[in-house]
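>>> here's a sequence, model it:
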Amino acid sequence: MDVILVDDCDNDVGVMEKLEAHRRGMLHRAITIYVFNTAGELLLQRRASSKYHCGSLWSNTCCGHPLPGETTENAARRRLREEMGIGCELRFQFNFQYRLTLPGGMIENEYGHIYFGVSDERPVLNPEEADNFGYQTLAEVEKDIVARPGRYTPWFTLVFPRIRNHPFTFPE
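Numbers count the residues shown, from 1 in each chain. Okay, the predicted model is just below:
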């Protein structure tokens with residue numbers, strides 16, 4: 001699978017195979033989805049142990065990369081269906097650029113498009129992507145990240161303070 005390489009302003013500058021982009025630390029476009037239930041709890045996933053990085057760690061609802069020529073909104077809807085087996089209206093919230101060195105020689109250098117959604121639909125996990133899910137309040141997540149940060153993906157703990165403090169109005 002190819003990812004879209006971008007500059008610091010999210011302008012397309014090329015494409016590269018996904019693993020190669022992560023090995024070389026090339027800045028590329030990504031999408032990250034946070035789905036809440038109507039009680040205001042965040043749907044978390046535990047990444048499948050077979051993932052090439054950060055397997056068995058808890059993280060945001062799902063994430064991924066737009067395909068060349070695909071909008072971030074369409075990619076977010078596609079990945080939510082592929083990983084978690086659910087669909088809901090997603091609303092763009094903000095962009096977040098970060099660079100993290102991960103175990104196994106991988107580098108996450110991503111220009112992320114962050115989407116929020118609301119759904120009470122029960123996830124049907126793709127076992128290649130996630131092996132468990134759970135709902136927690138943002139306060140519970142924050143407390144657990146402080147107590148046990150090694151349970152979570154590095155990008156989730158990095159972005160979480162912004163998620164925690166981001167104003168979001170739940171649809172009626």
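
>>> for the protein, give me the ranges with low pLDDT.
169-172 (pLDDT under 70).

>>> quick one, strands of it?
2-6, 12-17, 28-36, 42-47, 58-59, 62-64, 90-102, 106-118, 130-136 (DSSP state E).

>>> let's have those strands in CSV, adding mean neighbour count and distance to R77.
Every residue, glycine included, has its C-beta placed from N, CA and C. Converted to CSV, the strands of the chain look like this (neighbours: other Cβ atoms under 10 Å; distance: least, Cβ to Cβ, whole Å):
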stretch, mean neighbour count, distance to R77
strand 2-6, 21, 17
strand 12-17, 14, 20
strand 28-36, 24, 9
strand 42-47, 22, 15
strand 58-59, 22, 19
strand 62-64, 24, 11
strand 90-102, 14, 6
strand 106-118, 21, 9
strand 130-136, 16, 17
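
>>> could you dump those strands into a markdown table and include distance to T157?
Converted to a markdown table, these look like this (distance: least, Cβ to Cβ, whole Å):
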| stretch | distance to T157 |
| --- | --- |
| strand 2-6 | 23 |
| strand 12-17 | 26 |
| strand 28-36 | 13 |
| strand 42-47 | 12 |
| strand 58-59 | 9 |
| strand 62-64 | 14 |
| strand 90-102 | 10 |
| strand 106-118 | 12 |
| strand 130-136 | 14 |
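
>>> separation between I86 and L125?
10 Å (Cβ to Cβ, to the nearest Å).

>>> re the thing from before, closest to T153 out of the strands of the chain?
strand 58-59 (4.1 Å; Cβ to Cβ).

>>> check which helices and strands that closest one sits against.
When contacts are defined as 3 or more Cβ pairs under 8 Å, 6 or more residues apart in numbering; DSSP states H and E, strand 58-59 packs onto strand 42-47, helix 154-164.

>>> can you pull the contacts of the closest residue to R151 other than its chain neighbours?
Counting by Cβ to Cβ, 6 or more residues apart in numbering, R151 lies nearest to W58, which is 5.4 Å off, once chain neighbours are set aside. For W58, the contact set (Cβ atoms under 8 Å, 6 or more residues apart in numbering) comprises 44-47, 134, 151-153, 156.
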